[in-house]
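[1] Need the 3D shape of this:
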Amino acid sequence: MKDYQTITFDINDGIALLRLNRPERMNALSTQMRAEITDAATAAAGSARVLVITGEGDAFCSGQDLSDSGDVSAIDMERVLRDEYEPMLHAIGNCKIPTISAVNGPAAGAGANLALAADVVIATKSAYFLQAFARIGLMPDAGGTYWLPRQMGAAKAMGAAMFAEPISAQQASDWGMIWEWAPDDEFADQWRKRAEHLANGPTKAYGNMKQALRKSWDNGLSAQLDYEAKLQGRCGMTRDFQEGVVAFLEKRKPGFEGR
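    Predicted coordinates for the structure are as follows:
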């Protein structure tokens, strides 16, 4: 594994664990951290069966590190988003393996939207999500304008963006923004259980279902049915499908290999 400076990254039993590691800055996103997240997420796609992103310390991620570039007024926001955020978000959003954000504490600004880029978001009860951008005269970025209306609906997304109020883990779950929350003392066990389930599942099928579900936003019914059939045909040629059928007929738990 590479010697990263702002994150820790390791792979065990098919689970790639990427931990944001700037607790003294509430894991704020610097230029170096964005590059390291991109690199690690890309590496995970070829070496693991599930990627988990979480934070070190009491926060998940407080968003953009506004002190990273010295003079904040001199930051070229468009360049930073295009050159640094977009590769990171694509590396996570287009990852061929399942991705989990294990939100261990506050997730604010770009940190909240980094969390939402994962396939599954699990939060500890004391965590919250904050679209803080309006507080400093900005609009949501880092994928926020994409993920929020899809996961919360237009009305909730607009309110979250404009009022910039914290959304508790309970609210986020009730609104469909995240998959689930867990009590603080059960959180680590819960996300690990979910990660282990995915790491032992049909990896190729997971990759295809991610593509199909996201493509559905752009397709009409006929186009989606055609795309669905195409991807299901790929699933049907995997060893995991063969194993799943045999296990079903033999009334046993399948031993998927991710192939």
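
[2] buried sites along the longest helix along the chain?
    Determined from DSSP state H, the single longest helix within the chain is helix 31-47. By neighbour count with 16 or more other Cβ atoms under 10 Å, helix 31-47 contains the buried residues 32-45. Placement of C-beta: from N, CA and C, glycine included.

[3] And these, which is closest to A195?
    Of all the buried residues of helix 31-47, A195 sits closest to A44, with 11.9 Å by Cβ to Cβ.

[4] Identify the residues contacting that closest one.
    Counting by Cβ atoms under 8 Å, 6 or more residues apart in numbering, A44 touches 9, 11, 16, 18, 51, 95, 97.

[5] Look at the residue lying closest to L20 once chain neighbours are set aside and give its secondary structure.
    Spatial nearest neighbour of L20, chain neighbours left out: N27 (3.9 Å); criterion: Cβ to Cβ, 6 or more residues apart in numbering. Secondary structure, DSSP: H, G, I helix; E, B strand; the rest coil: N27 is coil.

[6] Run a quick neighbour tally on N27.
    Around N27 there are 31 other residues, counting by other Cβ atoms under 10 Å.

[7] The stretch 151-259 of the chain: helices as residue ranges?
    Secondary structure of the stretch 151-259 of the chain (DSSP state H, counting those that start in this stretch): helices at 154-163, 169-174, 187-199, 203-215, 221-235, 239-249.

[8] would you turn these into JSON lines with mean pLDDT, mean neighbour count and distance to R22?
    Below are the helices of the stretch 151-259 of the chain laid out as JSON lines (pLDDT from 0 to 100; neighbours: other Cβ atoms under 10 Å; distance: least, Cβ to Cβ, whole Å):
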{"stretch": "helix 154-163", "mean pLDDT": "97", "mean neighbour count": "15", "distance to R22": "25"}
{"stretch": "helix 169-174", "mean pLDDT": "97", "mean neighbour count": "19", "distance to R22": "22"}
{"stretch": "helix 187-199", "mean pLDDT": "98", "mean neighbour count": "18", "distance to R22": "20"}
{"stretch": "helix 203-215", "mean pLDDT": "95", "mean neighbour count": "18", "distance to R22": "29"}
{"stretch": "helix 221-235", "mean pLDDT": "96", "mean neighbour count": "13", "distance to R22": "38"}
{"stretch": "helix 239-249", "mean pLDDT": "95", "mean neighbour count": "14", "distance to R22": "38"}
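
[9] Mind putting those helices into a markdown table with distance to Q5?
    Shown next, in a markdown table, are the helices of the stretch 151-259 of the chain (distance: least, Cβ to Cβ, whole Å):
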| stretch | distance to Q5 |
| --- | --- |
| helix 154-163 | 32 |
| helix 169-174 | 30 |
| helix 187-199 | 25 |
| helix 203-215 | 30 |
| helix 221-235 | 39 |
| helix 239-249 | 37 |
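
[10] one step back: for D3, state which of the contacts of A44 is nearest.
    Distances from D3 to the contacts of A44, taken by Cβ to Cβ, are shortest for F9, at 9.9 Å.

[11] In three-state terms, how would the closest one be classified?
    The local conformation at F9, judged by three-state DSSP, is strand.
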